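Participant: Generate a structure from the sequence data that follows.
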Amino acid sequence: MRSFVLLGALSLAVSTAAAQGTDGKTLYEAQCKKCHGLTGKPSAGIKKMNPKIETFDAAFFAKRTDADLVKGISEGKDKMKPFKDKMSPDEIAAVAKYIRTLKP
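Facilitator: Numbers count the residues shown, from 1 in each chain. Next comes the predicted model:
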């Protein structure tokens, strides 16, 4: 009986996680925050190393569609390396969606 309860709880946890989808925030914090900052504003040190890195502000997003964001994350740009081999398409899409919520 215990194994059925444990198995049921595990199944519920897995299906709940799947229903919530890929966590763009967690991926961003693990993969992107080092350069782009917690809020989407790169530090002065990062700006000095990569002057072309942009802040994720309204002007940045006004010039880019979701597809543009996904492409940029997937393929990289300037000094940013591509993430297509590090994250799945769903993970990249989740990060693209998440960065639109940042307020630098």
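
Participant: Phe60: what secondary structure?
Facilitator: helix (DSSP: H, G, I helix; E, B strand; the rest coil).

Participant: what's the burial count for it?
Facilitator: Using other C-beta atoms under 10 Å, Phe60 has 16 other residues around it. The way it works is simple: take the backbone N, C-alpha and C, and place the C-beta from them, glycine included.

Participant: What pLDDT does the model give it?
Facilitator: Per-residue pLDDT puts Phe60 at 96.

Participant: Pro104 too?
Facilitator: In this model, Pro104 is scored at 85, pLDDT.

Participant: mind listing what Leu27 touches?
Facilitator: By C-beta atoms under 8 Å, 6 or more residues apart in numbering, the contact set of Leu27 is Met87, Glu91, Ala94, Val95, Tyr98.

Participant: Filter these down to the buried ones, PyMOL style.
Facilitator: A single PyMOL command is used to select the members of the contacts of Leu27 judged buried by 16 or more other C-beta atoms under 10 Å:
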select buried, resi 87+91+94+95+98
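
Participant: Among the contacts of Leu27, which lie within strands?
Facilitator: The members of the contacts of Leu27 all map outside strands under DSSP state E.

Participant: what about Leu27, distance to Pro51?
Facilitator: Leu27 is 26 Å from Pro51, where distance means C-beta to C-beta, to the nearest Å.

Participant: for Phe61, that is, sorry about that
Facilitator: Taken as C-beta to C-beta, the span from Phe61 to Pro51 is 20 Å.

Participant: So which of those two has more stuff around it?
Facilitator: Neighbour tally, Phe61 and Pro51, criterion other C-beta under 10 Å: the higher count belongs to Phe61, 16 against 9.
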